[in-house]
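A.B. asks: 3D model of this:
(2 chains)
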Amino acid sequence: MNLVTISGPPSSGKTAVILKTAESLKQRGLKIGAVKFDCLYTEDDVAYEKAGIPVKKGLSGSLCPDHYFVSNIEAVTAWGVEEKFDLLVSESAGLCNRCSPYVKDIKAVCVIDNLSGINTPRKIGPMLRMADIVVITKGDIVSQAEREVFAAGVYAVNPGAVIMHVNGLTGQGAYELSTLLFDENQHIDTLKGKKLRFSMPSALCSYCLGETRIGESYQMGNVRKIDLKNN
Amino acid sequence: MTQNEILQQSPQVLIEKYPFLSSFFEGQHWMSGLNPAQSLAELFVLIDEEFAEDQAFDADAFIGQLIDFITEMQAFIGNDSFKVNKLTILPGTNKSGEPEGFEKLDFKPKTITSIVGPTGSGKSRLLADIEWVAQGDTPTKRKMLINDQLPDSVWRFSGNKKLVAQLSQNMNFVMDLTVKEFLELHAKSRMVSDADDLINRIISSANELAGEKFSPDTAITALSGGQSRALMIADTALLSQSPVVLIDEIENAGIDRKKALEILTGEDKIVLMATHDPLLALMADQRIVIKNGGIHSVIKTSSEERALLAELEQADNKHQKMRTALRSGAVLQRENE
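C.D. replies: Below is the predicted model of the structure:
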């Protein structure tokens, strides 16, 4: 089985891109499965089901979504292997822009959109910088110039990546992306022993443990203070 | 440059040597507050561990990216002299697997090709094939040649070097900048060294196209529909480095469409235009008819069609004149025959 992790800011068009890409892969006779990681709510699993793609959804609720991802991706991979998928796509939203739920040796795709603002490529951390493929969406509604400026911004933070434009509505570029996602020679049986490309954001403070009161005396553990003097 | 050599250099020296690196270093948050005259090796030691973790900074990965960036940018700038003199499509098949109705289709700079066919007939696929420089590996099995040769894979994978620039009706400016600032930003991303002259040319070209003139200090979001379209066309013609321009209909409002095409072809662009407007379709040198996912036929614009175009243009001129007159508050009158 092939495994691909796809992440990107909320509403950047991840699901649309995956669905269009999956169409092309299915036409080649490949069996696709998906897993959707989100925080509180998602209806994307319905969209996958409608497209005939078996899907599992995981909501992290009050946990850090990326910690939740890494604690579950191995079991989900086992599910995919059991279902005999040719390709399992893991979709997760990057919420604090710091994280990269990317695994070493597993293809990583970041989806960002042209509307998100010209400085966005710089604001997004490893999720963009560590991706193998960067997919830029919503190119049909901004000017050519803005598309070029945005792509140059992405390029400056991740020069090694394949940068491509995919239209989630018409599917333009999705076929091309599909050729990069599936590799006949890759066989993932388990993720046991694999490593994250990067450490997750760390936290263990009183608020992680359910504290709700505000004030110095309630703050314990890994706490950091804003520097108001030299700010 | 090897990893060790680069470690001994300072960002300052590197930027002097490769000016394009300034945009790369600007995106490096970990460098803020550090002295760019120190070597990278020295700087790495100074990075606060906690900060490095916050920013997920990895020195090895950083050096790898820096080397990638230098190599690719050098190729990008060096390839500037590479010109696409001819783009060729070799036929594939339509949706039913039947061969397409042409032997070889050439596109040359300064020429216009119109694309006709119902929605869903395969226009997007054709454009995608061109953009992806298809090599028999797309559903249509078409193959593309550039200058009669198999194309370099850089056209597919590079973020900075794309074969096709697109102009479509739904496009809008979304940045909050003035026309001048916006063009400066675009010029910077294209590594243009002497941007001022170019920016002035773009603005004056755009003003030639638009019915109402705008100034360099106008906010791009405040431009009218016609003005934005005019600016997009002039900017694509003069500043975009993609040799092929794909136009998805140009609306007939507030813009001189004939001049727009002239500006694009004048800048050596290969123009492809999806349109069902006879005035535009007949301005093309040839037109591609798409049916059932494939190219059904290629028609050269005949002399009869050209004569017809002249008639259409007269009617269009009349129409445009009335539009201008209406705008200035005139009462329209029947012209003397």
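A.B. asks: which bits of the stretch 101-250 of chain B sit near chain A?
C.D. replies: Within reach of chain A by C-beta under 8 Å from any C-beta of the partner chain, the stretch 101-250 of chain B has these residues: B:124, B:127-128, B:131-132, B:137-139, B:156-160, B:162, B:165-168, B:170-175, B:182-183, B:185-186, B:189-190, B:228, B:232, B:235-236, B:239-240. (C-beta placed from N, C-alpha, C; glycine too.)
A.B. asks: mark which of those residues are buried, thanks.
C.D. replies: Among these, those classed as buried by neighbour count (16 or more other C-beta atoms under 10 Å in any protein chain shown) are B:124, B:127-128, B:131-132, B:138-139, B:156, B:158-160, B:162, B:165-168, B:171, B:173-175, B:182-183, B:185-186, B:189-190, B:228, B:232, B:235-236, B:239-240.
A.B. asks: so where's the chain uncertain?
C.D. replies: Picked chain A for this. Chain A contains residues with pLDDT under 70 at A:95, A:97, A:100.
A.B. asks: hm, I was asking about chain B
C.D. replies: For chain B, the ranges with pLDDT under 70 are B:76-81, B:159, B:251-254, B:336-337.
A.B. asks: list the residues that contact the residue nearest the centre of it.
C.D. replies: With distances taken as C-alpha atoms, centre = their mean, the residue of chain B nearest its centroid is residue B:165 (2.6 Å). The neighbours of residue B:165, taking C-beta atoms under 8 Å, 6 or more residues apart in numbering or on different chains as the test, are A:144, A:148, B:236, B:240, B:242, B:244-246.
A.B. asks: can you rerun that using 6 Å?
C.D. replies: Shown in contact with residue B:165 (C-beta atoms under 6 Å, 6 or more residues apart in numbering or on different chains): A:144, B:236, B:240, B:242, B:245.
A.B. asks: dump those into a markdown table; add secondary structure as well.
C.D. replies: As requested, those are exported to a markdown table (DSSP: H, G, I helix; E, B strand; the rest coil):
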| residue | secondary structure |
| --- | --- |
| A:144 | helix |
| B:236 | helix |
| B:240 | coil |
| B:242 | coil |
| B:245 | strand |
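A.B. asks: could you dump those into JSON lines and include distance to residue B:87?
C.D. replies: Shown next, in JSON lines, are these (distance: C-beta to C-beta, whole Å):
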{"residue": "A:144", "distance to residue B:87": "18"}
{"residue": "B:236", "distance to residue B:87": "17"}
{"residue": "B:240", "distance to residue B:87": "16"}
{"residue": "B:242", "distance to residue B:87": "12"}
{"residue": "B:245", "distance to residue B:87": "12"}
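A.B. asks: tell me where the chain has strands.
C.D. replies: With no chain named, the answer covers chain A. A:2-8, A:32-38, A:55-59, A:87-93, A:107-113, A:133-137, A:162-165 (DSSP state E).
A.B. asks: nope, chain B
C.D. replies: Under the criterion DSSP E, chain B contains strands at B:87-90, B:105-107, B:112-116, B:143-146, B:164-168, B:244-248, B:270-274, B:286-291, B:294-300.
A.B. asks: deepest of those, which one?
C.D. replies: Mean neighbours per residue, mean count of other C-beta atoms under 10 Å in any protein chain shown, is largest over the strands of chain B for strand B:270-274, with a mean of 24.
A.B. asks: hey, which helix is longest across the chain?
C.D. replies: With no chain named, the answer covers chain A. Secondary structure of chain A read by DSSP state H shows that its longest helix is helix A:65-82.
A.B. asks: wrong one, chain B
C.D. replies: If you go by DSSP H, chain B has its longest helix at helix B:303-327.
A.B. asks: buried ones in that one, by neighbour count?
C.D. replies: Buried-residue list, helix B:303-327, by 16+ other C-beta under 10 Å: B:305, B:309, B:312, B:316.
A.B. asks: measure residue B:188 to residue B:195 for me?
C.D. replies: 7 Å (C-beta to C-beta, to the nearest Å).
A.B. asks: out of the two, which sits in the more crowded spot?
C.D. replies: A count of neighbours by other C-beta atoms under 10 Å in any protein chain shown puts residue B:195 above the other of residue B:188 and residue B:195, at 18 against 15.
A.B. asks: you'd agree that one is up against residue B:187?
C.D. replies: Yes. If you go by C-beta atoms under 6 Å, residue B:195 and residue B:187 touch, sitting 3.8 Å apart.
A.B. asks: now tabulate the strands of chain A in TSV and tack on distance to chain B and mean neighbour count.
C.D. replies: Below are the strands of chain A laid out as TSV (distance: least, C-beta to the nearest C-beta, whole Å; neighbours: other C-beta atoms under 10 Å in any protein chain shown):
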stretch	distance to chain B	mean neighbour count
strand A:2-8	14	25
strand A:32-38	17	25
strand A:55-59	23	18
strand A:87-93	17	25
strand A:107-113	11	26
strand A:133-137	8	25
strand A:162-165	3	22
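A.B. asks: mind listing the helices for the stretch 151-300 of chain B?
C.D. replies: With DSSP state H, counting those that start in this stretch as the criterion, the stretch 151-300 of chain B has helices at B:154-157, B:179-189, B:195-209, B:225-238, B:257-266, B:278-281.
A.B. asks: need the winner for burial among the ones you listed.
C.D. replies: Compared across those, helix B:225-238 shows the largest average neighbour count, a mean of 24 (mean count of other C-beta under 10 Å).
A.B. asks: gap between that helix and the chain center?
C.D. replies: 11 Å (C-alpha atoms, centre = their mean, to the nearest Å).
A.B. asks: that one to strand B:270-274, inter-axis angle?
C.D. replies: Interaxial angle of helix B:225-238 relative to strand B:270-274 (axes from the mean of the first three to the mean of the last three C-alpha atoms, to 10 degrees): 150 degrees.
A.B. asks: tell me what helix B:225-238 is packed against?
C.D. replies: The criterion is 3 or more C-beta pairs under 6 Å, 6 or more residues apart in numbering or on different chains; DSSP states H and E, and the helices and strands that helix B:225-238 contacts are strand B:164-168, helix B:195-209, helix B:257-266.
A.B. asks: swap in 8 Å and give it another go.
C.D. replies: Helices and strands touching helix B:225-238, by 3 or more C-beta pairs under 8 Å, 6 or more residues apart in numbering or on different chains; DSSP states H and E, are helix A:144-157, strand B:164-168, helix B:179-189, helix B:195-209, helix B:257-266.
A.B. asks: nearest to residue B:2, out of those?
C.D. replies: With C-beta to C-beta, the closest approach to residue B:2 among the helices and strands packed on helix B:225-238 belongs to helix A:144-157: 22.4 Å.
A.B. asks: thinking again about what came up before, which single one of the contacts of residue B:165 is nearest to residue A:54?
C.D. replies: Taking the contacts of residue B:165 together and measuring to residue A:54 by C-beta to C-beta, the closest member is residue A:144, at 38.9 Å.
A.B. asks: was I right to think that closest one contacts residue B:167?
C.D. replies: Yes. Between residue A:144 and residue B:167 there is a contact at 6.2 Å, judged by C-beta atoms under 8 Å.
A.B. asks: common neighbours of those two, please.
C.D. replies: The contact lists of residue A:144 and residue B:167 share B:232, B:236, where a contact means C-beta under 8 Å, 6+ apart.
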